[in-house]
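# attaching a predicted model along with its sequence, questions to come.
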Amino acid sequence: MTMSIRIEKSGALKPKPDEDKLGFGSYFTDHMFLMNYDTDKGWHDARIVPYAPLQFDPAAMVFHYGQAIFEGLKAFRTNDGRILLFRPDKNAQRFNRSCERLCMPEIDEETFVEAIRAIVRVEADWVPAKAGASLYIRPFIIATEPALGVRPSKSYLFAVILSPVGNYYGEGLKPVNIRVESDFVRAVRGGIGNAKTAANYVGGLKAQEIAAADNCAQVLWLDGVERKYIEEVGSMNVFFKINGKVITPALNGSILDGVTRQSVIRLLEEWGIPVVEAKIAIDDVLAAVKDGTLEEAFGTGTAAVISAVGGLHANGSMHVINRGEIGELTSRLYDAITGIQAGKLEDSLGWTVDC
Ligand code: COI
């Protein structure tokens, strides 16, 4: 299906930020994509309009019961001036799984990708050229019906906003420390941990504050029942290289199924490096740090890309990994993923899509 998209161009374009100082999620482009849903018309009125504040009834259900989901993907500028998206079909599929979980209307995969291509094409000048920088794409849906009964909303807004970004972490590419959280939990099986919903992130803020006080950029979440098994990190999935073998927590219903996670597993398989998805006890990981068999640890995510973990803060002390340096495999994966994304390496797995 090709949807018709009304385009209203902004009369006043913003100056572009310095590509060396982008940080993450601080600048927004000149336009946004919007589309409405109601039970009579379904999804309708697709439009690209000047980026501006949105207005909602104070009773809009998103404000009260948090019916909100989002995605994160990126557009990259190649050396020959093309713009590439990285596996947008995977984001579309996960978006719909999140919709299903939160009783929200799905958007078919083709329409989702078409909306993203359309807004990125309008904002092509905003896609950074600097290596490591990209245009972060944030699609989201919120419940807009003014009503206070606890039930799914009958109306929604789908929006896509864009933000030129550099590194997610203030540390740049330097390894980050993460704090093992043994008190608060992020999710439980049967909950919403595997949906990309706003609520999963607000629930983590308190632990993130505590982590920051311990000089950690992020929280390492343990399972919500036994508080024994590793789930994921605040904004990324996590991998460990122990005795030459790579291991990552198996998806268990409360862990987010990351697109970068999937891509890393596939690359490792292609390279013939043993990789397993399994239940991982935090005590086993800490023991492997202690006896020196834990060679590297890294996180994966759209925003975080591949981020080396330099230390695990647990039981009041920091357990340093790989002398706090970026490991060889971590670097190789970073180069491979960012190389494919920016069209510098051959995309033999067909992951990139021209915009
Ligand atoms: C992403 O990696 O795209 C995320 O959504 C993580 C975070 C910035 C919320």
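That came in fine, so what should we check first?

# any idea how far the residue in the stretch 151-300 of the chain positioned nearest to the ligand is from residue 206?
Per C-beta to the nearest ligand atom, residue 235 is where the stretch 151-300 of the chain lies closest to the ligand, at 3.8 Å. For glycine as for every other residue, the C-beta is placed from the backbone atoms N, C-alpha and C. Taking C-beta to C-beta, to the nearest Å as the measure, residue 235 falls 16 Å from residue 206.

# and for residue 192?
Counting by C-beta to C-beta - residue 192 and residue 206 are separated by 18 Å.

# more neighbours, the two?
Higher neighbour count among residue 192 and residue 206: residue 192, with 18 against 13, using other C-beta atoms under 10 Å.

# circling back: confidence score at the residue of the stretch 151-300 of the chain closest to the ligand?
Note for residue 235: predicted pLDDT of 90.

# go ahead and confirm it touches residue 307.
No: the pair residue 235 / residue 307 is not scored as a contact, 9.3 Å apart, by C-beta atoms under 8 Å.

# wasn't residue 350 part of a helix?
No: counting by DSSP: H, G, I helix; E, B strand; the rest coil, one finds residue 350 to be coil, located in no helix.

# how many neighbours does it have?
Counted with other C-beta under 10 Å, residue 350 comes out at 7.

# which ones are touching it?
The contact partners of residue 350, taken as C-beta atoms under 8 Å, 6 or more residues apart in numbering, number zero.

# how much space between it and residue 202?
From residue 350 to residue 202 the distance is 36 Å (C-beta to C-beta).

# residue 262 now?
Relative to residue 202, and taking C-beta to C-beta, residue 262 is found at 26 Å.

# which one's more surrounded, these two?
Neighbours per residue (other C-beta under 10 Å) separate residue 262 from residue 202, with residue 262 holding more: 15 against 10.

# name the element that one belongs to?
Following DSSP states H and E, the helix or strand that holds residue 262 is helix 259-271.

# could I get the contacting residues of residue 29?
14, 51, 123, 126, 135, 161, 162, 163, 164.

# can you give me the helices for the stretch 251-355 of the chain?
259-271, 282-290, 328-341 (DSSP state H, counting those that start in this stretch).

# tally of neighbours for the residue of the stretch 151-300 of the chain closest to the ligand?
23.

# equivalent analysis for residue 345, please.
When neighbours are counted by other C-beta under 10 Å, residue 345 comes out with 13.

# for the ligand, see how far away it is.
21 Å (C-beta to the nearest ligand atom, to the nearest Å).

# equivalent analysis for residue 304, please.
From residue 304 to the ligand the distance is 6 Å (C-beta to the nearest ligand atom).

# the nearest residue to residue 11 once chain neighbours are set aside pairs with what?
Nearest residue to residue 11, sequence neighbours excluded (C-beta to C-beta, 6 or more residues apart in numbering): residue 50, at 7.7 Å. Bridge pairing for residue 50 (DSSP bridges) gives the partners residue 31.

# mind listing what residue 50 touches?
8, 9, 10, 11, 30, 31, 32.

# among the residues you listed, name the buried ones.
30, 31, 32 (16 or more other C-beta atoms under 10 Å).
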